[in-house]
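Peer 1: no sequence on this one, just coordinates:
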């Protein structure tokens, strides 16, 4: 009987150690599922830069629906602000993400608009010889962010 209790205690300890790892994976998977919405928002921003060298100030200027109409399973709003795409998590997102924002900012070559816009996720740095436009509003804990956003 004592041996069985020891085995159960060890199994419980191992399960408690694995739980945080599983939670991080769930949060990162939810972050990665926003790609289709972000792609929809990035396209008109990049197009505006290529044609006019001006980034859209808001959703209306980008020709997108209001922020609260751009939603998904884990997203409650997608807002364009001076070219930056701010994704607000909500709906069925985990508690670690609910109400948090992940920003994708356009990186451009200011004197050569023919160069395609590169997108900088979260706290990542700008590609060499490019200028990142817009304000980074990312407030998700860095340990939850994918490597490309750190």
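Peer 2: Cool, got the structure. Keep in mind it's a predicted model, so treat the numbers as computed, not measured.

Peer 1: For the residue nearest the centre of the chain, pull up the helix or strand it's in.
Peer 2: Against the mean C-alpha coordinate of the chain, by Cα atoms, centre = their mean, the closest residue is residue 102 at 3.8 Å. Per DSSP states H and E: residue 102 is located in strand 101-108.

Peer 1: In the sheet, which strands lie alongside that strand, parallel or antiparallel?
Peer 2: The pairing partners recorded for strand 101-108 under DSSP bridges are strand 84-89 (antiparallel), strand 118-121 (antiparallel), strand 131-132 (antiparallel).

Peer 1: Out of those, which is the most enclosed?
Peer 2: Greatest average neighbour count among the strands paired with strand 101-108 goes to strand 84-89 (a mean of 24), per mean count of other Cβ atoms under 10 Å. All C-beta atoms are positioned from the backbone trio N, CA, C, and that covers glycine.

Peer 1: Check the offset of that one from the chain's centre.
Peer 2: 7 Å (Cα atoms, centre = their mean, to the nearest Å).

Peer 1: That strand - what's its average pLDDT?
Peer 2: Mean pLDDT, strand 84-89: 98.

Peer 1: what does stretch 114-133 give?
Peer 2: Over the span of stretch 114-133, the pLDDT mean works out to 94.

Peer 1: Start at 34, not 1
Peer 2: Understood, numbering begins at 34; the last thing we discussed is stretch 147-166.

Peer 1: and that stretch, which residues are buried?
Peer 2: 150, 152, 153, 154, 155, 157, 163, 165, 166 (16 or more other Cβ atoms under 10 Å).

Peer 1: Regarding stretch 146-155, how distant is the last residue from the first?
Peer 2: End-to-end distance for stretch 146-155, by Cα to Cα, to the nearest Å: 23 Å.

Peer 1: how many degrees apart are the lowest-mean-pLDDT helix or strand in the chain and strand 134-141 in direction?
Peer 2: In the chain, the helix or strand scored least confidently by mean pLDDT, DSSP states H and E is helix 35-65, which has a mean of 83. Put simply, helix 35-65 runs at 40 degrees to strand 134-141, going by axes from the mean of the first three to the mean of the last three Cα atoms, to 10 degrees.

Peer 1: With that, I have no additional questions.
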